[in-house]
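Trainee: let's see this in three dimensions:
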Amino acid sequence: MANRLPIREEVPEELTWKLSDIYENTDLWENDYRMAEHETERLSAMEGSLTESAATFLKALDIYESCMMKVYKLYSYAEMKSDQNTMDQDNLKLFQRAQSLDVKISEKLSFLEPELLNAEPEMIEAYYKEEQGLLKYKNLICEIQRKKEHTLSKEMEELLASAGDMAEAASNARSMLANADIRFPNTKGDDGEELQLSNGRFVPLQMSADREVRKESFEKFYEQYKSFANTWAALYDGQVKKQIFYAKARKYPDTFTAAVDRNNVSPSVCDNLISCVNKNLDKFHRYVSLRKRLLGVDELHMYDVYASMVSDYEYKVSFEEAKEISLKALQPLGEDYIRILKKAYDERWIDVVENQGKRGGAYSSGVYGVHPYVLLNFNNTLDDIFTLVHEMGHSMHTYYSNEKQNFFDSNYKIFVAEVASTTNEILLLKYLMKNAKSDKEKAYLINHFLESFKGTLYRQTMFAEFERESNRMSEAGTPLTSDALCELYLSLNKKYFGEDMISDQLIAYEWCRIPHFYYNFYVYQYATSFSASVAVADRILTEGDKAVEEYKNFLRSGCTDDPVSLLKLAGVDLSTEKPVQEALDVFERTINDMEALAEIC
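Mentor: Below is the predicted model of the structure:
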């Protein structure tokens, strides 16, 4: 690691994404902006006559599709431009304009759903026969009809839409504080050199074999978050109040029910997850005890969570090597999958390394009619290979869905979004373990698999409990102060990690740095998807072509059915606890494997 992060202009072009595939220049962006506004005006002029005939209805939906495709394209481009350097004010202005356009169009077109719902279902069915082109929009129409009791009058829908810009204020401010404004002190690296601490460098430093490096970076990192504790709490309180406002407005009993209904998923799915994980906390406590023993420490602290349990072994990998490994590991998914993956690597779909002001973390962003993009902050670790295949799993899901489905049907629900990404991770792990050159390397990889269970199944379920309980607190009138949120988070941390872990007081502030708490009950889906992916990867490796084709049918299905039903195409039923329990049984067997190799760790 260099002390100073490079500025954006210093990053080699081949390590940056090629956003010109979306718009060659801002003039083209501006042109689509004006076109979207024009199409909005055309559509809003049809208010009151939307369903007066099959031909008029089809014309309206065609305009709506064209307008929404432009809005998504405009928004994605502007967001990625801003994320590559959040300190760039021109990019930020572009993103703010895209956000405002999205809100303005939502406001102007707020009459669509109420007007459609006023039409008799029998008439809509007759229209399908009269105008075959309407069948393209049948899933969209059915989804709108499904939410009829939560759709308001035209005036109320317009009011809710007009609040959109304001509703994003907490999330936007949180992003600016976390990615652009917060300044971390220097900390010592593995070689004793002074490093500029950052969000992107925090986890790699926590993986250091040097415990003093881990302790110092942990304390400096969370002390900086702690110094803004009241601000983080105010921002999170704003996010939760936003969720409460929309849930009440749409006549839901609570924020969680409103959130899962958006994805057409029963609340029982998350209830089953939390129940099953809590019944299996003994397995996680056993893992924590094993970690303490293998690290050889008298006290296990939260800054020991990321350190490898395998001593004197380092897995460093360049981005070029990571690409080659991924192509070999994902071979079981077929030639067409590998061909598209190579295309992504060759044609700069990926923004690879961290630079000053770049958004932390990693994500995949789909642009219908172009191709998906991936943001990384690659640091040459084993975790970074897994992050690469994870985000490419998202991108491949998007690619297959966009290729097969029309614009509206391609937009798969968030609930299934993590399945493709996590399946790729498990296939990578199986490949690396099969090709391990020594027991030491095998133990290192088993350590990583255990970390996946820790980070995805247990940790994300803990996050889900925090999110659900903090929302319940606010709904009951309890103020979400920094003290209240820290107390809640620390108590959950102690419950999950058990008595063998010293839950350091600073870990109480970890909730401050989790952006997913602003995604409205997103996190539990990581855990359900991980459970599903364990089963899917096993089927692919044991059943071969049949399982691969069924899995790809799932990837191609977009949102053409409810997500739990779509997962059944890939052989997984998340309406029961079974997939979660079976995944946790795999976790227990993996602990056994690690214990068997304990002597060489």
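Trainee: can you show me the strands along the chain?
Mentor: Ranges of strands in the chain, per DSSP state E, are 186-188, 194-196, 300-301, 350-351, 363-365, 373-375, 501-502.
Trainee: with respect to burial, which of these scores highest?
Mentor: Of the strands of the chain, the one with the most neighbours on average (mean count of other CB atoms under 10 Å) is strand 350-351, at a mean of 26. For glycine as for every other residue, the C-beta is placed from the backbone atoms N, C-alpha and C.
Trainee: residues in contact with that one?
Mentor: Residues outside strand 350-351 that contact it (CB atoms under 8 Å, 6 or more residues apart in numbering): 15-17, 80, 84, 344, 358, 373-376.
Trainee: mind putting those residues into TSV with distance to Glu425 and pLDDT?
Mentor: As requested, these are exported to TSV (distance: CB to CB, whole Å; pLDDT from 0 to 100):
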residue	distance to Glu425	pLDDT
Leu15	23	97
Thr16	25	98
Trp17	22	98
Met80	24	97
Gln84	25	97
Ala344	17	98
Lys358	23	94
Tyr373	20	98
Val374	14	98
Leu375	17	98
Leu376	15	97
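Trainee: now, the most widely separated pair of those residues?
Mentor: Ala344 and Lys358 (19.8 Å; CB to CB).
Trainee: settle it for me: which of the two has more neighbours?
Mentor: Neighbours per residue (other CB atoms under 10 Å) separate Ala344 from Lys358, with Lys358 holding more: 26 against 19.
Trainee: before we move on, the earlier item: closest to Val419 out of the contacts of strand 350-351?
Mentor: Val374 (17.2 Å).
Trainee: bridged to the closest one, which residues?
Mentor: Beta-bridge partners recorded for Val374 (DSSP bridges): Ile350, Ser364.
Trainee: my guess is it contacts Ser395. True?
Mentor: Yes. In this structure Val374 lies within contact range of Ser395 using CB atoms under 8 Å: 5.8 Å.
Trainee: of all the strands of the chain, which one is nearest Phe521?
Mentor: Nearest to Phe521, of the strands of the chain and by CB to CB, is strand 363-365 at 17.9 Å.
Trainee: distance between the closest one and the chain's centre?
Mentor: Mean-position distance between strand 363-365 and its chain equals 8 Å (CA atoms, centre = their mean, to the nearest Å).
Trainee: circling back to that earlier point, what residues do Val374 and Ser395 have in common as contacts?
Mentor: Residues touching both Val374 and Ser395 by CB under 8 Å, 6+ apart: 344, 349, 364.
Trainee: if I look at the second one, how far off is Lys342?
Mentor: Right, the one you point to is Trp349. Separation of Trp349 from Lys342 (CB to CB, to the nearest Å): 11 Å.
Trainee: which of these two has more neighbours?
Mentor: Trp349 (24 against 12).
Trainee: which residues touch the more buried one?
Mentor: 17-18, 343, 371-374, 395.
Trainee: take those residues and keep only those in helices.
Mentor: 343, 395 (DSSP state H).
Trainee: which among the contacts of Trp349 end up buried?
Mentor: The neighbour count (16 or more other CB atoms under 10 Å) marks 17, 371-374, 395 as buried among those.
Trainee: make JSON lines out of the strands of the chain and add distance to Ala170.
Mentor: Below are those laid out as JSON lines (distance: least, CB to CB, whole Å):
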{"stretch": "strand 186-188", "distance to Ala170": "29"}
{"stretch": "strand 194-196", "distance to Ala170": "28"}
{"stretch": "strand 300-301", "distance to Ala170": "32"}
{"stretch": "strand 350-351", "distance to Ala170": "26"}
{"stretch": "strand 363-365", "distance to Ala170": "20"}
{"stretch": "strand 373-375", "distance to Ala170": "22"}
{"stretch": "strand 501-502", "distance to Ala170": "31"}
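Trainee: ok, back up a step: can you add distance to Phe463 and give the buried ones among the contacts of Trp349 back as TSV?
Mentor: Formatted as TSV, the buried ones among the contacts of Trp349 follow (distance: CB to CB, whole Å):
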residue	distance to Phe463
Trp17	29
His371	31
Pro372	25
Tyr373	26
Val374	23
Ser395	24
